[in-house]
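J.: next input, structure requested:
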Amino acid sequence: MALTNDGKVYAWGYNSDGQLGIGTADNDSHSTPVQVKGVGGSGNLTDVTAIAGGEKHSLAIIDGTVWAWGGNGDRQLGDGSTFQTVVPVKVMTLSEGGGNEGGGSNLLIIAVVAVAAAAAIGAAVWFFVLRKP
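T.: This is a model prediction of the structure:
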């Protein structure tokens, strides 16, 4: 994935679970960047300040809210379901039911801490976070 200076997100690569966010899960490999669809599949994703990617899912931050799309068999999208989504859906905060305790912390923070811990012990990690300058 790539984040442009003006807050647009482009994705390319394999799309088995909709992780490219282009409105389909087509099992194809996309060799050229395609702009990620907007929330609910309307328009394109804009005003993004940070992105992250897992093996079969992707995340973006817009106005402090985390949005996710792609594979969700292990609930990695944080939307309370196990269904994949091919366009961005809102990640629940802890106070919205995304965890056992309230507080409004975003689940992306938990993901970043988990990745850092895995990296510290030498585990293979397919995750990255980019912030717009």
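
J.: could you list the low-pLDDT ranges of this protein?
T.: For the chain, the stretches flagged by pLDDT under 70 are 94-133.

J.: show me where it has its helices.
T.: In the chain, the helices defined using DSSP state H lie at 107-120.

J.: now do the strands in the chain.
T.: Under the criterion DSSP state E, the chain contains strands at 2-3, 9-14, 29-35, 48-53, 57-62, 65-70, 85-90, 128-131.

J.: residues contacting the longest one, please?
T.: Think strand 29-35. Residues outside strand 29-35 that contact it (CB atoms under 8 Å, 6 or more residues apart in numbering) are 2, 8-15, 20, 22, 44-45. (C-beta placed from N, C-alpha, C; glycine too.)

J.: dump the C-alpha coordinates for it into CSV.
T.: Below are the C-alpha coordinates for strand 29-35, written out as CSV (Å, rounded to 0.1, in the frame of the first residue of the first chain):
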residue,chain,number,x,y,z
SER,A,29,-2.7,-10.3,-8.4
HIS,A,30,-2.9,-6.6,-9.3
SER,A,31,0.5,-5.4,-10.5
THR,A,32,-0.4,-1.7,-10.7
PRO,A,33,-1.7,0.5,-7.9
VAL,A,34,-5.4,0.9,-7.6
GLN,A,35,-7.1,3.6,-5.4
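
J.: next one: Thr24 from Asp17, what distance?
T.: The gap separating Thr24 from Asp17 is 11 Å, by CB to CB, to the nearest Å.

J.: ugh, wrong one, I meant Pro88
T.: On the measure of CB to CB, Pro88 and Asp17 end up 14 Å apart.

J.: between those two, point out the one with more neighbours.
T.: Between Pro88 and Asp17, counting by other CB atoms under 10 Å, Pro88 is the more crowded of the two (26 against 20).

J.: name the nearest residue to that one, ignoring sequence neighbours.
T.: Trp67 (3.8 Å; CB to CB, 6 or more residues apart in numbering).

J.: I'm done for today, thanks for sticking with me.
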